[in-house]
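> Below is the sequence, then the predicted model.
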Amino acid sequence: MASKALSLTLYNLALPLGLVLMLPGAFIKMRRRNGRWQDLAQRIGFFPNETQEAINALPQRERLWVHAVSVGEVGVAKKLISRLIKTQSDLGIVLSTTTPTGYALAEELAALHAGRVVAIYSPLDLPGVGRLMLERIQPTQLVLVEAEVWPNLTASAYRLGIPVSLVNARLSPRSARRYHKFRALIGPIFGMLKQVLVQEPDDVARWQGFGVEPERIHLTGSIKYDPEGAAVPDLKMAELRMILTTNGISSPETPILLAASTHAGEELEIARVFLRLREKVRGLALLIVPRHVERRTEICEALRTVGITPVLRSQWGTLFEANHSVMIIDTTGELAAWQHFASIVVIGKSFLAEGGQNPAEAALAKKPVLFGPHMENFSPLVDLLLKKGGAQQVASFAELESACLALLQDKEKASRMAQAGHEALKTHEGATMRSVERLLGK
């Protein structure tokens, strides 16, 4: 196995080429997601004065830097941070994220815990930048969420004697196979981690295979699947209920099909399924929550080709047309809340792309869950839900239509599936608290 120095040297030699290839796409995404040019200064370690002052004002005896790359990881960080703050009163947290959508959610969390949490953009993983950020933040611990083990940042923390923990760690079988090809180079980086808190029993062996000592790997369960913190605030539920009422979905009995975290092409096919279902299910409505909200215009144009004129959640004062109860949720951070209003949740990226999206929030909301043939990124959870009868996997959009119709026409069947999915996730109950205890050494 290569040494730490050799692994870092090879990584840094390849890094400039990687950045050159990635930057054009990154800039395009930044603009589409309302990113600002001035935020780039934070990416190389320079904060606005007010941000640095807020960081300096955080408690110093115990200060954690938590990094979560985007919306999904920030959702995990939110549950973790809320429990950390409840558990230890003199704790300060800097929450970094990479994407504008993730940063917006991080700012909301910082506002909720003013004086305890500060939101920043994460640094580029260039030599020296991570060390500069660590010196400006002065954390007592660096906490990485799920899979964000950045070599230069991790090495800088290691050299400064700052322990690095990886929480809610997961490696899909596909990722594990890909990483294993570079085990000799990756192993020394993973070996710098103080502890790895994994979601599933199978993850223990996978992380051992990458050079992490067995005593540093702890099975805590998935924070994302933990029922703790899954409740949606009453004010948010009231707001969304008002939106539905304003748009003509006034009855709690109104059947709602929700397409969650959809990717390109899926919205049109699900809309076609919806149109056929609506002929048999009176009053059926469709909510589409795209994975990337900047695709709203593209989605609207696609739906118009099949006679649907959707409304946007961001323009919620506009009434639904009487025969087109379709809304696109073009805001971030609301998927969990919207799922509470659904009759059925269809998981995106599972039909026309590989990997799938996370079905846990739908199961936690006690909703019947359907997904397509491609859920590779969530194999353990999918296996658990299918085994317990808490979800149904279909091979095509035609099968999706049949499955939806069966659930919409048989409420008892839908209720059994929803309850089974919720019960299945109880195996992860307490994961958030177990992770907190490991981080705080309690």
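Arrived safely. Numbering: from 1, shown residues only.
> Now do the domain split for this protein, please.
Here the domain parsing of the chain from automatic domain parsing is 4-17+32-219, 234-427.
> So for residue 226, which of the ones you listed sits nearest?
Judged by CB to CB, the one of the domains of the chain that comes nearest to residue 226 is domain 4-17+32-219, at 6.9 Å. Placement of C-beta: from N, CA and C, glycine included.
> coming back round to it: using a markdown table, lay out the domains of the chain together with distance to residue 438.
Shown next, in a markdown table, are these (distance: least, CB to CB, whole Å):
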| stretch | distance to residue 438 |
| --- | --- |
| domain 4-17+32-219 | 6 |
| domain 234-427 | 18 |
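> which residues of the stretch 101-250 of the chain fall in strands?
Along the stretch 101-250 of the chain, counting by DSSP state E, counting those that start in this stretch, strands occupy 117-121, 141-145, 164-169, 195-198, 217-219.
> for the protein, what are the low-confidence residue spans?
For the chain, residues meeting the criterion pLDDT under 70 lie at 1-2, 16-39, 172, 181-182, 184, 250-252, 316-324, 442.
> So which residue is smack in the middle of it?
In the chain, the residue lying closest to the centroid (CA atoms, centre = their mean) is residue 72, at 1.1 Å.
> my guess is that one meets residue 358, correct?
Yes. At 6.6 Å, residue 72 counts as touching residue 358 under the criterion of CB atoms under 8 Å.
> Helices along the stretch 101-250 of the chain, start to end?
With helices called from DSSP state H, counting those that start in this stretch, the stretch 101-250 of the chain shows them at 129-137, 151-159, 173-180, 183-190, 201-208, 234-246.
> circling back: out of the strands of the stretch 101-250 of the chain, nearest to residue 254?
strand 164-169 (35.4 Å).
> In JSON lines: the helices of the stretch 101-250 of the chain, plus mean neighbour count and distance to residue 309.
Listed next are those as JSON lines, based on neighbours: other CB atoms under 10 Å; distance: least, CB to CB, whole Å:
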{"stretch": "helix 129-137", "mean neighbour count": "19", "distance to residue 309": "47"}
{"stretch": "helix 151-159", "mean neighbour count": "22", "distance to residue 309": "47"}
{"stretch": "helix 173-180", "mean neighbour count": "14", "distance to residue 309": "39"}
{"stretch": "helix 183-190", "mean neighbour count": "18", "distance to residue 309": "50"}
{"stretch": "helix 201-208", "mean neighbour count": "16", "distance to residue 309": "46"}
{"stretch": "helix 234-246", "mean neighbour count": "14", "distance to residue 309": "17"}
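> what's the closest of those helices to residue 437?
Evaluated over these, closeness to residue 437 peaks at helix 201-208, with 18.0 Å, by CB to CB.
> Now do that closest one and helix 183-190, the angle between them.
Put simply, helix 201-208 runs at 100 degrees to helix 183-190, going by axes from the mean of the first three to the mean of the last three CA atoms, to 10 degrees.
> which residues sit against helix 201-208?
Applying CB atoms under 8 Å, 6 or more residues apart in numbering, the contact partners of helix 201-208 are 169-171, 176, 190, 196, 198, 214, 217, 219, 380.
> ok, of those, which come out buried?
Neighbour counting with 16 or more other CB atoms under 10 Å marks 169-171, 176, 190, 196, 198, 217, 380 as buried within the contacts of helix 201-208.
> Is it possible to get TSV of these that adds distance to residue 270?
Output for the buried ones among the contacts of helix 201-208, formatted as TSV (distance: CB to CB, whole Å):
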residue	distance to residue 270
169	32
170	27
171	30
176	31
190	39
196	37
198	34
217	40
380	26
